[in-house]
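>>> Got a predicted structure plus its sequence, pasted below:
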Amino acid sequence: MACTSATRTMGIFAHVDAGKTTTSEAFLYLTGRIHRVGRVDQGDTQLDWMEQERKRGITITSAATTCHWRGHQINLIDTPGHVDFSAEVVRSIRVIDGAVVVLCGVGGVEPQSETVWLHTEREGLPRLVFINKLDRDGADFDRVLAEFKAELSPRAVALQIPIGREDGLSGVVDLVQRQALVWHEDALDPQVEEIPPAMATAVSAARTALVDAVCEADEALLELWLEGGEPSEEALIAALRRAVIAGHLVPVFCGAALRGIGVQPLLDAVVDYLPAPQDRPCSKELEVPDGGDSATPLRAVAFKLVRDAYVGHLTWVRVFAGQLRPRDRILNPRTGTLERVSRVYRIHAEKREPVECCERGDVVGLVGMKSARTGDTLCDPLHPILLAGFEFPDPVITVALRAPVPEEIDKLQQAVLQLCDEDPTLKARFDPETGEQTLAGMGELHLEVTVDRLRSEFGLTPEVSLPQIAYGETVRREATAVATYKRQSGGHGHYAQVRLAVEPLEQGGGLLFENAAPPWRRTEGTTGALRPFIPGEYIRDVELGVRQVLEQGVIAGYPLTDLRVRLLGGRFHEVDSTGMDYRIAESMAMRQVVRQARPGLLEPVMAVDISTREEYLGTVTADLGRRRGHVLAIGAKGRLRQFGGVAPLAEVRGYATALRNLTQGRATFVLSLKQYDLVPGDISDEVIAQRREAGKVPAR
């Protein structure tokens with residue numbers, strides 16, 4: 001068991017195709033964890049182990065592993081770079097202490113690079129940057145570094161500069177130790193050499209910039225520097241470590257992971273500059289006393305659920321404090337459930353290694369946690385604590401799944417629910433009348449991979465509809481309504497009356513329900529069976545009626561959002577009123593008031609980031625305009641032209657094929673959710689008419 005001061009729990013993040021998994025594979029090879037470097041293009045990497053990952057050549061799900069370097073244990077999480085699988089990024093960032101962000105030496109700062117950086121910034125993660133693929137045509141270290149400083153972090157400081165350009169890349173200059181590291185052909189380790197004379201001026205300027213940046217972040221070194229002194233190598237490394245952990249500086253490294261260039265120094269930097277678990281507590285509640293792990297109550301977070309072919313249900317956990325052993329009993333505060341850990345595994349991609357004890361900083365898989373869900377706290381039963389959960393983006397696109405035979409309806413439903421448990425950005429609904437299972441996700445690729453998993457992992461081949469847009473509904477003005485539900489059929493009848501108001505909220509406001517009904521007080525004229533108030537025990541039923549309508553929608557059968565609902569009052573009957581009566585009355589009132597409040601249809605609007613050659617720029621921008629989109633910015637990155645714009649998701653479904661045809665395959669693009677906007681009137685009418693024809697609009 002590693003001492004926690006010699007532990008690094010870190011993640012690797014990047015835009016798709018920046019070389020992140022190749023960098024992780026190089027880490028594992030250099031540390032002796034694997035004996036052959038896998039290649040993404042050959043489908044034999046250790047960390048991209050799923051069938052879908054190897055077939056598509058992309059990372060789909062985060063993979064965890066442990067390796068050792070210079071006497072330190074490195075707990076590593078490799079994450080997807082595609083925006084459709086952002087849940088893996090969100091949950092991984094919450095459970096690591098530091099990160100390596102990989103940038104492509106050609107593409108530079110790309111859309112998912114920005115998304116990942118914002119996530120890590122919100123969590124205050126210490127980070128290192130690795131500018132990769134500098135051996136490719138069009139790669140430019142200086143351009144990418146300047147772009148990174150301008151767009152993401154002015155705190156970036158180069159600790160290396162490359163030796164050679166493009167296919168002439170042979171090594172890097174270490175600015176801290178002032179030496180050249182050269183990788184000769186087929187050599188695993190770099191050769192330490194003199195700095196090339198032609199680089200003397202560039203190295204001197206970069207070294208001065210580095211020392212300036214470090215001294216500005218460290219008072220003791222600043223005083224020495226101002227007095228004309230030169231900090232020692234040890235003092236510089238120590239000050240850099242403090243600055244990185246505090247978030248004052250972001251060291252930048254460079255190389256070409258596929259050829260092994262720059263990977264060893266990057267591993268050294270993980271050990272030298274990223275924090276140990278005790279250097280960066282997750283929050284004030286998780287600060288660990290000086291007594292050490294054995295004297296500290298267990299505090300851990302479940303961040304991923306996995307179906308394992310050999311051990312069954314596996315819960316991935318990051319231990320933030322204390323120790324955890326097989327047969328320990330731990331508490332899930334969300335459910336109040338006390339469960340016993342049957343086994344603890346160290347994770348290496350799809351492989352498992354049993355361990356007898358894990359401690360602060362470890363990432364492990366637990367067997368026996370039946371109640372745990374993504375984001376749940378797991379803790380010592382005698383010291384309960386509830387930590388903040390995770391927030392995931394909402395899905396934007398939906399497909400309908402139908403079992404080919406009635407006997408498979410239940411099996412399909414259960415399989416979809418299991419996949420939703422594993423992936424919080426998947427949302428499922430089941431219609432018992434039609435036997436239709438709807439599944440919503442982050443994009444077409446996300447849903448395609450999920451349906452493929454139903455086939456490969458569950459043996460199911462459901463009929464799949466074309467992807468449908470996950471529209472929403474909202475209101476555009478305030479309104480009030482009163483509804484009375486009354487029925488008499490002999491004996492006790494049914495009676496409930498409610499009065500409510502709705503008002504729009506700003507985008508992202510979600511749904512708010514407020515009980516603004518005045519409490520009842522007996523006054524003159526209030527005797528008799530009918531009373532001018534709603535008893536407190538029925539308020540919950542009123543809210544359930546509201547939320548049922550909000551979920552089902554009113555004008556097109558899509559969920560309502562961005563509005564506040566206020567219960568203003570009502571009446572009840574001492575004999576005939578029940579909770580179900582209030583649910584029905586509130587449902588009636590909600591439908592009335594929404595129709596009076598200028599309801600509108602919302603559609604997801606996507607940020608569209610495209611890279612292509614200059615000769616196709618006019619064609620692509622014109623096509624985007626025909627899709628109700630528009631361009632926001634155009635720039636150049638090496639030999640490519642890049643532009644960012646926005647377009648409704650409804651207009652860019654299947655965009656990959658269209659863009660390929662427009663550019664003869666010489667373009668790439670990324671879609672990511674930007675916001676929800678109101679659908680134009682004529683298009684809204686068409687969508688609503690189609691929903692009514694399909695029987696998806698709730699009855700009035």
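Arrived safely, thanks for sending.

>>> and Glu512, which of the three is it?
Quick fix: residue 512 is Leu, not Glu. Under DSSP: H, G, I helix; E, B strand; the rest coil, the three-state class of Leu512 is strand.

>>> For the closest residue to it other than its chain neighbours, list each beta-bridge partner.
Setting aside the residues directly before and after it, Leu512 is nearest to Arg564 in space (C-beta to C-beta, 6 or more residues apart in numbering), at 4.3 Å. Quick note: C-beta positions are derived from backbone N, CA and C, even for glycine. As for beta bridges, Arg564 partners with Glu503, Leu512 under DSSP bridges.

>>> got any ranges where the stretch 351-500 of the chain has weak pLDDT?
Low-confidence segments of the stretch 351-500 of the chain, defined by pLDDT under 70: 431-435, 489-491.

>>> could you pull out the helices for it?
Secondary structure of the stretch 351-500 of the chain (DSSP state H, counting those that start in this stretch): helices at 409-422, 444-458.

>>> May I have the first one exported as CSV, CA atoms only?
The C-alpha trace of helix 409-422 is given here as CSV (Å, rounded to 0.1, in the frame of the first residue of the first chain):
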residue,chain,number,x,y,z
ILE,A,409,-40.3,-6.0,-23.9
ASP,A,410,-39.4,-6.5,-20.2
LYS,A,411,-35.9,-7.6,-21.1
LEU,A,412,-35.4,-4.5,-23.2
GLN,A,413,-36.8,-2.2,-20.5
GLN,A,414,-34.5,-3.7,-17.9
ALA,A,415,-31.4,-3.5,-20.2
VAL,A,416,-32.1,0.2,-21.0
LEU,A,417,-32.5,1.0,-17.3
GLN,A,418,-29.2,-0.7,-16.5
LEU,A,419,-27.4,1.4,-19.2
CYS,A,420,-29.1,4.6,-17.8
ASP,A,421,-27.7,3.7,-14.3
GLU,A,422,-24.2,3.5,-15.8
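
>>> Against which helices or strands is that helix packed?
In terms of contact count using 3 or more C-beta pairs under 8 Å, 6 or more residues apart in numbering; DSSP states H and E, helix 409-422 is assigned the packing partners strand 299-308, strand 427-431, strand 436-441, helix 444-458.

>>> Can you mark which positions in it are buried?
Buried residues in helix 409-422, defined by neighbour count with 16 or more other C-beta atoms under 10 Å: 409, 412-413, 415-416, 418-422.

>>> Tell me who's in contact with Leu240.
Remark: with contacts taken as C-beta atoms under 8 Å, 6 or more residues apart in numbering, Leu240 is in contact with 159, 176, 214, 249, 251, 272-273.

>>> hmm, 6 Å instead?
Contacts for Leu240 (C-beta atoms under 6 Å, 6 or more residues apart in numbering) come out as 214, 273.

>>> Same question for Leu649.
Leu649 sits in contact with 396, 469, 604, 606, where contact means C-beta under 6 Å, 6+ apart.

>>> so how far is the strand or helix carrying Arg566 off the chain centroid?
Arg566 belongs to strand 563-573 when elements are defined using DSSP states H and E. Strand 563-573 sits 38 Å away from the centroid of its parent chain (C-alpha atoms, centre = their mean, to the nearest Å).

>>> which helices and strands sit right next to that strand?
In terms of contact count using 3 or more C-beta pairs under 6 Å, 6 or more residues apart in numbering; DSSP states H and E, strand 563-573 is assigned the packing partners strand 494-504, strand 511-515, strand 530-531.

>>> got the contact list for that strand?
Contacts made with strand 563-573 from outside it, assessed by C-beta under 6 Å, 6+ apart, are listed as 475, 495, 497-505, 512-517, 529-532, 534, 542, 546.

>>> same thing but 7 Å
For strand 563-573, the surrounding residues in contact (C-beta atoms under 7 Å, 6 or more residues apart in numbering) are 474-475, 480, 495-505, 511-518, 529-535, 542, 546.

>>> now do stretch 134-150
Contacts with stretch 134-150, where a contact means C-beta under 7 Å, 6+ apart, come from 103, 105-106, 108-109, 129, 131, 133, 156, 158, 161-162, 166-167, 169, 252, 254-256, 259, 638-639.

>>> Please list the members of those that lie in strands.
When the contacts of stretch 134-150 are checked against strands (DSSP state E), the matches are 103, 129, 131, 156, 158, 161-162, 252, 254.

>>> Sounds good, over and out.
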